[in-house]
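A.B. asks: Quick one, what's the 3D model for this:
(one chain, ligands or ions: 1)
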Amino acid sequence: MKYTSIKGMSDIMPPASAAWRKLENTALTVFGSYGYKEVRTPMLEKTELFIRSIGSDTAVVEKEMYSFKDQSDDMLSLRPEGTASTVRAYIESGAYQAEAVAKYIYIGPMFRRERPQKGRYRQFHQIGVEALGIASPLIDAEQIAMCDHFFKELGLKDYSIEINSLGCKECRPGYNKIFGDFLTSKKVHLCGDCLRRIEKNPLRALDCKNPACIEAMKDAPLIGEYLCGDCKAHMSEVQKYLKELGTKFVVNQRIVRGLDYYVRTAFEFITTKLGSQNAFGAGGRYDGLVKELGGPDVSGVGFALGVERILLLMEEGGLQLKEKEALVFFALMGEPARERLVPIIDKLRQDGVYVELDYDNHSLKSQMRRADKLFAHTVVIIGDEEIKKGVAIVRNMHTKEQEEVKFDDLVRHFVRVD
Ligand code: HAM
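C.D. replies: Below is the predicted model of the structure:
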């Protein structure tokens with residue numbers, strides 16, 4: 001008997017695993033610099049958690065979860081996404097009591113029993129972030145801009161950022177009614193799924209891929225006109241901040257999202273390179289979810305990126321991730337420099353700074369070449385002249401700016417106190 005992995009679930013073998021690791025590390029570094037700290041939650045949760053947060057009428061909850069009763073008759077599910085678990089962990093840990101704002105990042109497998117195809121799997125991986133406790137539209141814009149920055153870092157080019165406002169509990173019901181009436185007037189053209197949606201969740205019909213439904217929905221009333229004053233103001237602030245951050249976006253009022261917890265901002269990162277699996281990341285605001293799950297009444301904004309889809313895009317573009325470890329390269333010229341600096345280098349390494357040095361007295365030119373090859377972000381240059389003055393030349397390899405730092409201040413210069 002030869003065993004194979006379960007349909008839609010893959011092994012990640014070397015050398016591919018190295019690309020995964022690099023992508024994850026880059027995400028941790030880029031998102032880390034915006035204050036996101038890693039959380040790891042269990043892969044299994046009580047089914048009820050997902051029903052309450054994602055919504056009982058969603059495709060994810062209705063048909064895609066891997067659920068089972070365990071030996072104690074508890075109904076459990078493999079997590080189909082990370083927001084619900086992260087919010088549960090935030091509430092359960094009481095993190096909100098210590099700090100009003102929490103920013104989390106998680107990386108790991110999610111499970112949805114979808115029909116597998118290119119870019120769509122039953123076990124897939126997400127890099128997700130959640131910012132809890134921030135009401136300002138600045139955080140919506142900052143997250144979108146942060147993603148854009150991350151994709152640029154990966155070398156991705158052919159994508160667009162689409163944003164929308166889904167309204168709130170004040171204005172969405174009114175729009176739902178108008179949109180529901182519109183759908184009713186188009187009943188004869190709609191597929192079975194959309195007919196069911198009229199009653200339960202009309203908005204989702206906007207997402208239908210059926211050509212007849214797309215045609216029928218061409219002149220559908222769109223939500224923008226029906227937003228309440230607060231939602232309109234929020235949406236225009238998000239756009240204002242995005243412009244200030246220099247992030248290009250388009251407003252697409254047909255974005256609806258497949259999970260029920262969203263209010264106001266929803267956004268997607270869209271590519272034309274992955275066939276019908278065109279979103280390689282998506283997210284939005286979910287004020288109300290923390291309270292709904294038994295926590296304080298605080299805001300939430302987050303997104304998740306599909307790791308497999310990003311790697312497919314990188315492969316298509318012939319892109320390879322050059323992982324930038326925070327390397328400081330010491331270009332030492334002459335024995336006095338080595339003698340004076342070796343203890344300082346040792347101290348830096350003990351403090352967790354990644355340091356490389358030249359051991360064999362190569363020319364400055366060849367040392368700089370090596371530093372470049374290793375993607376050092378900083379080179380510290382010390383020759384006889386510097387030894388005399390007791391200072392090192394610290395050169396930023398990105399900006400090419402340099403400054404002089406006293407030997408006694410070198411450790412403090414590089415060691416970040418978190
Ligand atoms: P989502 O749109 O369901 O949102 O998933 C986010 C991303 O996960 C998608 O854009 C896609 O790249 C990837 N993805 C989803 N399903 C699959 C699949 N079957 N195979 C491969 N990749 C897939 C969420 O999950 C929300 N929790 C995002 C969020 C976080 N919203 C607020 N915070």
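A.B. asks: would you list every one of the strands in the stretch 301-418 of the chain?
C.D. replies: In the stretch 301-418 of the chain, the strands defined using DSSP state E, counting those that start in this stretch lie at 327-332, 354-357, 378-382, 391-396, 402-406.
A.B. asks: Checking the closest residue to residue 65 other than its chain neighbours next. Helix, strand or coil?
C.D. replies: Of all residues not flanking residue 65 in the chain, residue 77 sits nearest, at 4.6 Å (C-beta to C-beta, 6 or more residues apart in numbering). C-betas here are computed from N, CA, C, even on glycine. Secondary structure, DSSP: H, G, I helix; E, B strand; the rest coil: residue 77 is strand.
A.B. asks: about what we covered before: dump the strands of the stretch 301-418 of the chain to a markdown table, plus distance to residue 291 and mean pLDDT.
C.D. replies: Shown next, in a markdown table, are the strands of the stretch 301-418 of the chain (distance: least, C-beta to C-beta, whole Å; pLDDT from 0 to 100):
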| stretch | distance to residue 291 | mean pLDDT |
| --- | --- | --- |
| strand 327-332 | 45 | 93 |
| strand 354-357 | 43 | 91 |
| strand 378-382 | 46 | 95 |
| strand 391-396 | 46 | 95 |
| strand 402-406 | 49 | 95 |
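A.B. asks: Would you mind giving the ones you listed as a markdown table with mean neighbour count added?
C.D. replies: What follows is the strands of the stretch 301-418 of the chain, written out as a markdown table (neighbours: other C-beta atoms under 10 Å):
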| stretch | mean neighbour count |
| --- | --- |
| strand 327-332 | 24 |
| strand 354-357 | 18 |
| strand 378-382 | 23 |
| strand 391-396 | 19 |
| strand 402-406 | 13 |
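A.B. asks: I'd assumed residue 45 was in contact with the residue nearest to residue 65.
C.D. replies: Yes. Under the criterion of C-beta atoms under 8 Å, residue 77 makes contact with residue 45 at 6.3 Å.
A.B. asks: List the contacts of residue 226.
C.D. replies: 167, 171, 174, 175, 178 (C-beta atoms under 8 Å, 6 or more residues apart in numbering).
A.B. asks: Can you tell me how far it is from the ligand?
C.D. replies: 23 Å (C-beta to the nearest ligand atom, to the nearest Å).
A.B. asks: who in the protein is up against the ligand?
C.D. replies: Residues of the chain lying close to the ligand by C-beta under 6 Å from any ligand atom are 81-83, 112, 114, 119-121, 124, 126, 128, 130, 258-259, 279-284, 286, 302-304, 306, 308-309.
A.B. asks: Tell me which of these fall in strands.
C.D. replies: 124, 126, 128, 130, 279-284, 302-304, 306 (DSSP state E).
A.B. asks: Kindly give a single ChimeraX line that selects the buried subset of those.
C.D. replies: Burial among these is assessed by 16 or more other C-beta atoms under 10 Å; the matching ChimeraX selection reads:
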select :124,126,128,130,279,280,281,282,283,284,302,303,304,306
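A.B. asks: Would you format the ones in strands among the residues of the chain next to the ligand as a markdown table with pLDDT included?
C.D. replies: As requested, these are exported to a markdown table (pLDDT from 0 to 100):
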| residue | pLDDT |
| --- | --- |
| 124 | 98 |
| 126 | 98 |
| 128 | 98 |
| 130 | 98 |
| 279 | 95 |
| 280 | 97 |
| 281 | 97 |
| 282 | 98 |
| 283 | 98 |
| 284 | 98 |
| 302 | 98 |
| 303 | 98 |
| 304 | 98 |
| 306 | 98 |
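A.B. asks: Going by distance to residue 96, which of the ones in strands among the residues of the chain next to the ligand wins?
C.D. replies: residue 130 (12.5 Å; C-beta to C-beta).
A.B. asks: residue contacts, that closest one?
C.D. replies: Residue 130 neighbours (C-beta under 8 Å, 6+ apart): 82, 83, 86, 87, 90, 102, 103, 104, 106, 300, 301, 302.
A.B. asks: The same query, at a cut-off of 6 Å, please.
C.D. replies: 86, 104, 302 (C-beta atoms under 6 Å, 6 or more residues apart in numbering).
A.B. asks: Could you do residue 245 as well?
C.D. replies: Counting by C-beta under 6 Å, 6+ apart, residue 245 has contacts residue 145.
A.B. asks: Then the one 4 residues further on?
C.D. replies: Under the criterion of C-beta under 6 Å, 6+ apart, the neighbours of residue 249 are 161, 163, 242.
A.B. asks: Tell me which entries of these lie within strands.
C.D. replies: Short answer: the contacts of residue 249 in strands (DSSP E) are 161, 163.
A.B. asks: Can you add pLDDT and distance to residue 387 and give the contacts of residue 249 back as TSV?
C.D. replies: Formatted as TSV, those follow (pLDDT from 0 to 100; distance: C-beta to C-beta, whole Å):
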residue	pLDDT	distance to residue 387
161	98	51
163	98	56
242	97	50
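A.B. asks: Now do the helix or strand of the chain with the lowest mean pLDDT: distance to the chain's middle.
C.D. replies: Lowest mean confidence among the helices and strands of the chain (mean pLDDT, DSSP states H and E): helix 192-200, at a mean of 86. The gap between where helix 192-200 is centred and where its chain is centred comes out at 32 Å by C-alpha atoms, centre = their mean, to the nearest Å.
A.B. asks: I'm done for today, thanks for sticking with me.
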